[in-house]
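Undergrad: Can you look at this prediction? I've put the sequence above it.
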Amino acid sequence: MRHVIVADLGFGDAGKGTVVDWLCARGPEPVHAVVRFNGGAQAAHNVVAPDGRHHTFAQFGSGTFTPGVRTHLSRFMLVDPLALAAEAAHLRALGVPDALDRVTVDRDALLTTPYHRAANRARETARGAARHGSCGMGIGETAAYALSHADAPRAGDCLSPARLRRRLAAVRDWYRARFPGGEPVPDVADCVDAFTAFGERVRVVGGEHLHRLLRTGNVVFEGAQGVLLDEWHGFHPYTTWSTTTFANAETLLAEAGGQDAVRLGVLRAYATRHGPGPFVTEDPVLTAELPDPHNGTGRWQGAFRVGHLDAVALRYARDVAGGVDALAVTHLDVARTRPDLLYCRAYDIGRRRVDRLPAGPAGDLRRQAALTERLLTARPVYASLTDPVATIEETLSAPVVLRSYGPTAADKETTLPAPTAVPG
């Protein structure tokens, strides 16, 4: 097995966590490590073990239930030490006591602080009815602050308390100046203590560490959010401050000597979206009748919305991501019980039939905002969904190699070869 890059071809919540868990627990070859290559503590990758244990993976790799599988937080991650500690505590309560021992963090990864989080919530609250649907975890503020401040705190600063104190104080002062009516935030001294403890507890490493990981064994690159939320290719402004395509993982692979990887796209047998923004195939009946036990309405994200499979959006996601090699389809158990599920073949936009959205170059947010406006007026052109797997393969011109009929690794069927036996 080559390295695998896992990316969601929708708006997120397609099941990346359960796919990564299966790759690590039952895939065709042993997996040495999971590398997180975008996003931060706002990720919510749900994994249910065969014995019923459930954990929502945010920063730890979703293969952590499998003994020995490591997590590496790459330089493209936005690392929240406080959230990571809370996540480790939950894993410990589930019988995974060594989760932090298996984590490494690139020293150049940005740090998300309580000040970024408070700024995020203040800004989103000020938008009122025009809210973007942020997770309220400070991810966008962390990224935006770093673009305008060369001294933005990074993981490596946790090894230098004096420098860390200066940089955290600068973020706190920025927050207070920009949002004088914002929520109270912790003292800098308390944050320094917590972040320094984080630096002492996990291994903070340089870029060469990932190169060694890639030479040691098979690695799964785990993406966050979904391609349709990409910072440059998503439907602006209802997007994330993160590159959600395969691009970051491929950059890391290229830096390590151009090693190969399989691009694995993940999608549900039907469509979902969390929060506001265009969702052409949304169906209030499906939203009411297909609640997700791990995805409810959130104070900051908004409502969890459900719709029908959307060929136009999927083709667009594939195109802006540069193509896929293989696919994993989740929630096929739901499709078996819902003969009313449909398949959107095209959009009707201003009495014009559209079956493909143009995938322009990255960086033109005005173009993406105009695309958003068009999608808000689009109407779906439906056909019956008789065979979800065949329909998806035809739509995306790629094979479905993993079919998921439930939340655990035992609920998966694959066309990949059986695991290689390890000599005793």
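TA: Ah, there it is.

Undergrad: ok so Asp340 is a helix residue?
TA: No. Assessed with DSSP: H, G, I helix; E, B strand; the rest coil, Asp340 is coil; it does not lie in a helix.

Undergrad: Show the pLDDT at it.
TA: You'll see Asp340 listed with a pLDDT of 95.

Undergrad: contacting residues for it?
TA: For Asp340, the contact set (C-beta atoms under 8 Å, 6 or more residues apart in numbering) comprises Val285. The C-beta positions use only the backbone N, C-alpha and C, and glycine is treated the same way.

Undergrad: and after the lowest-mean-pLDDT helix or strand in the chain, which helix or strand comes next?
TA: Ranked by mean pLDDT, DSSP states H and E, the helix or strand of the chain with the weakest confidence is helix 114-126, at a mean of 90. Downstream of helix 114-126, the first helix or strand assigned by DSSP states H and E is helix 139-148.

Undergrad: Now find how far off-centre that following helix is within its chain.
TA: Distance of helix 139-148 from its chain centroid, counting by C-alpha atoms, centre = their mean, to the nearest Å, is 18 Å.

Undergrad: where in the stretch 151-300 of the chain is pLDDT low?
TA: 296-300 (pLDDT under 70).

Undergrad: Please, where are all the helices along it?
TA: With DSSP state H, counting those that start in this stretch, the ranges of helices along the stretch 151-300 of the chain come out as 161-178, 188-201, 208-216, 247-255, 284-289.

Undergrad: Show me what the first one is packed against.
TA: Using 3 or more C-beta pairs under 8 Å, 6 or more residues apart in numbering; DSSP states H and E as the contact criterion, the secondary-structure elements in contact with helix 161-178 are helix 114-126, helix 188-201.

Undergrad: cool, the last one as well?
TA: Of the remaining helices and strands, those touching helix 284-289 by 3+ C-beta pairs under 8 Å, 6+ apart are strand 304-307.

Undergrad: what residues does the strand it packs on touch?
TA: With contact meaning C-beta under 8 Å, 6+ apart, strand 304-307 is reached by 13, 270-274, 279-283, 286-287, 290-292, 295-297.

Undergrad: Just want the most central residue of this protein.
TA: Centroid check for the chain by C-alpha atoms, centre = their mean gives Ala224 as the closest residue, at 1.1 Å.

Undergrad: Got phi/psi on it?
TA: phi -120, psi 160 (degrees, to the nearest 10).

Undergrad: now the end-to-end length of stretch 306-323.
TA: 25 Å (C-alpha to C-alpha, to the nearest Å).

Undergrad: which parts of that stretch are buried?
TA: Across stretch 306-323, burial judged by 16 or more other C-beta atoms under 10 Å covers 306-321.

Undergrad: same check, this time on stretch 341-352
TA: Leu341, Leu342, Tyr343, Cys344, Arg345, Ala346, Tyr347, Ile349.

Undergrad: Now these in a markdown table, please, with extra columns for secondary structure and distance to Pro153.
TA: Below are these laid out as a markdown table (DSSP: H, G, I helix; E, B strand; the rest coil; distance: C-beta to C-beta, whole Å):
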| residue | secondary structure | distance to Pro153 |
| --- | --- | --- |
| Leu341 | coil | 46 |
| Leu342 | strand | 48 |
| Tyr343 | strand | 47 |
| Cys344 | strand | 44 |
| Arg345 | strand | 48 |
| Ala346 | strand | 47 |
| Tyr347 | strand | 44 |
| Ile349 | strand | 45 |
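
Undergrad: Which pair in those has the greatest spatial separation?
TA: Largest separation among the buried residues of stretch 341-352 by C-beta to C-beta: Leu341 and Ile349, giving 23.1 Å.

Undergrad: Pull the contacting residues for Leu375.
TA: Applying C-beta under 8 Å, 6+ apart to Leu375 gives the contacts Phe235, Pro278, Val280, Tyr347.
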